[in-house]
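1. Just need the structure, nothing else, for what follows:
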Amino acid sequence: MNKKPEINNFHKSLQVLSRKLNMEDYSLVAGTMFQFYTGNKFGYKVFDQQFLTDIHLIWRINHKKSVQNKAKILKLKVVEGGKNQK
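-> Below is the predicted model:
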């Protein structure tokens, strides 16, 4: 019998990314994850609380921009008749 491979948090993370990002952004994030794995520290001497703080700060700043950019303004035209008719 073929046993299904175990889905771990890494695989779940890749699934989330693949649903939310275009291919270019997905490749950037997946490549960065691989670079972390191979030892690139991206300017951090140690991965301490400052690293986690930076992660959350970047999300908060960019999430607000993303929500603002998704707002839509609809221009409606009032049509005479119906309830407006007297």
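2. so residue 51 makes contact with residue 42?
-> No. The pair residue 51 / residue 42 is not scored as a contact, 9.4 Å apart, by CB atoms under 8 Å. To be clear about C-beta, it is placed using only N, CA and C from the backbone, and glycine gets the same treatment.
3. Among these two, which residue is more densely surrounded?
-> In this view residue 51 and residue 42 are compared by other CB atoms under 10 Å, and residue 51 has more residues nearby, 13 against 9.
4. any residues touching the strand or helix carrying that one, and which ones?
-> For residue 51, the element it lies in under DSSP states H and E is helix 49-69. Helix 49-69 is touched from outside by residue 44, with contacts defined as CB atoms under 8 Å, 6 or more residues apart in numbering.
5. For it, the averaged confidence score.
-> In this model, helix 49-69 has a mean pLDDT of 82.
6. so how far is that helix off the chain centroid?
-> Per CA atoms, centre = their mean, to the nearest Å, the displacement of helix 49-69 from the mean C-alpha position of its chain is 10 Å.
7. Just the CA trace of it, in CSV.
-> Once side chains and other backbone atoms are set aside, the C-alpha atoms of helix 49-69 remain, and they are given as CSV (Å, rounded to 0.1, in the frame of the first residue of the first chain):
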residue,chain,number,x,y,z
GLN,A,49,12.9,38.2,20.4
GLN,A,50,14.0,41.0,18.1
PHE,A,51,13.6,38.7,15.1
LEU,A,52,10.1,37.7,16.2
THR,A,53,9.2,41.4,16.9
ASP,A,54,10.4,42.3,13.3
ILE,A,55,8.2,39.6,11.8
HIS,A,56,5.1,40.8,13.6
LEU,A,57,5.8,44.5,13.0
ILE,A,58,6.2,43.9,9.2
TRP,A,59,3.0,42.0,9.1
ARG,A,60,1.0,44.7,11.0
ILE,A,61,2.4,47.5,8.7
ASN,A,62,1.8,45.7,5.5
HIS,A,63,-1.6,44.1,6.5
LYS,A,64,-3.1,47.6,7.2
LYS,A,65,-1.9,48.7,3.7
SER,A,66,-3.3,45.6,2.1
VAL,A,67,-6.7,46.1,3.8
GLN,A,68,-6.8,49.7,2.7
ASN,A,69,-5.9,48.8,-0.9
